[in-house]
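Engineer: Compute the structure for the input listed below.
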Amino acid sequence: MDDRLGKSPTWQVEVRTDVFFAADKSSFLTPDFLIRRRLPRGADTTAADVVLVGEVLSGSDTPKRRVLPGWR
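Structural biologist: Prediction:
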């Protein structure tokens with residue numbers, strides 16, 4: 001709660017949260033972290049709610065391992 005404004009912040013940071021691309025939840029990803037607009041507790045996160053997603057790569061990851069199959 002932001003006491004200065006008397007209301008909750010607009011943005012929220014989450015980790016390992018499913019982000020759905022379709023209403024039927026058939027298409028989704030689970031990034032390591034994301035920034036999204038604040039949603040009611042328990043609400044599903046959709047791509048439209050998300051501002052930034054990210055993956056944390058270890059030092060052992062090589063450029064070849066970072067490329068998704070089929071992407072060049």
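Engineer: Please tell me the pLDDT value assigned to the residue lying closest to Leu29 once chain neighbours are set aside.
Structural biologist: Nearest residue to Leu29, sequence neighbours excluded (CB to CB, 6 or more residues apart in numbering): Val19, at 5.6 Å. Backbone N, C-alpha and C define where each C-beta goes, glycine included. Per-residue pLDDT puts Val19 at 95.
Engineer: My guess is Val19 contacts Ser27. True?
Structural biologist: No: judged on CB atoms under 8 Å, Val19 makes no contact with Ser27 at a distance of 9.7 Å.
Engineer: who has more neighbours, the two?
Structural biologist: Taking neighbours as other CB atoms under 10 Å, Val19 and Ser27 compare with Val19 leading, 20 against 11.
Engineer: where along the protein do the helices fall?
Structural biologist: 63-66 (DSSP state H).
Engineer: and Arg36, what is it in contact with?
Structural biologist: Each residue near Arg36 by CB atoms under 8 Å, 6 or more residues apart in numbering is listed here: Trp11, Gln12, Glu14, Thr17, Thr45, Asp49, Val50, Val51.
Engineer: Export these to TSV and append columns for distance to Asp32.
Structural biologist: Formatted as TSV, the contacts of Arg36 follow (distance: CB to CB, whole Å):
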residue	distance to Asp32
Trp11	17
Gln12	16
Glu14	10
Thr17	10
Thr45	14
Asp49	17
Val50	13
Val51	15
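Engineer: for stretch 44-63, what is the average pLDDT?
Structural biologist: Mean predicted lDDT for stretch 44-63 stands at 84.
Engineer: Can you dump the C-alpha atoms of that stretch in PDB for me?
Structural biologist: Taking Å, rounded to 0.1, in the frame of the first residue of the first chain, the C-alpha atoms of stretch 44-63 are listed here in PDB:
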ATOM      1  CA  ASP A  44      -5.000 -15.200 -14.500                       C
ATOM      2  CA  THR A  45      -2.200 -13.200 -16.100                       C
ATOM      3  CA  THR A  46      -2.700 -12.600 -19.900                       C
ATOM      4  CA  ALA A  47      -0.300 -11.200 -22.400                       C
ATOM      5  CA  ALA A  48      -2.300  -7.900 -22.400                       C
ATOM      6  CA  ASP A  49      -1.500  -7.500 -18.700                       C
ATOM      7  CA  VAL A  50       2.300  -7.800 -19.000                       C
ATOM      8  CA  VAL A  51       4.700  -5.000 -19.700                       C
ATOM      9  CA  LEU A  52       8.000  -7.000 -19.400                       C
ATOM     10  CA  VAL A  53       9.100 -10.600 -19.100                       C
ATOM     11  CA  GLY A  54      12.600 -12.000 -18.700                       C
ATOM     12  CA  GLU A  55      14.700 -15.100 -18.300                       C
ATOM     13  CA  VAL A  56      17.700 -15.400 -16.100                       C
ATOM     14  CA  LEU A  57      20.600 -17.100 -18.000                       C
ATOM     15  CA  SER A  58      23.500 -18.700 -16.300                       C
ATOM     16  CA  GLY A  59      27.100 -18.100 -17.300                       C
ATOM     17  CA  SER A  60      27.300 -21.700 -18.700                       C
ATOM     18  CA  ASP A  61      24.600 -20.800 -21.300                       C
ATOM     19  CA  THR A  62      26.200 -20.500 -24.800                       C
ATOM     20  CA  PRO A  63      24.700 -18.500 -27.600                       C
END
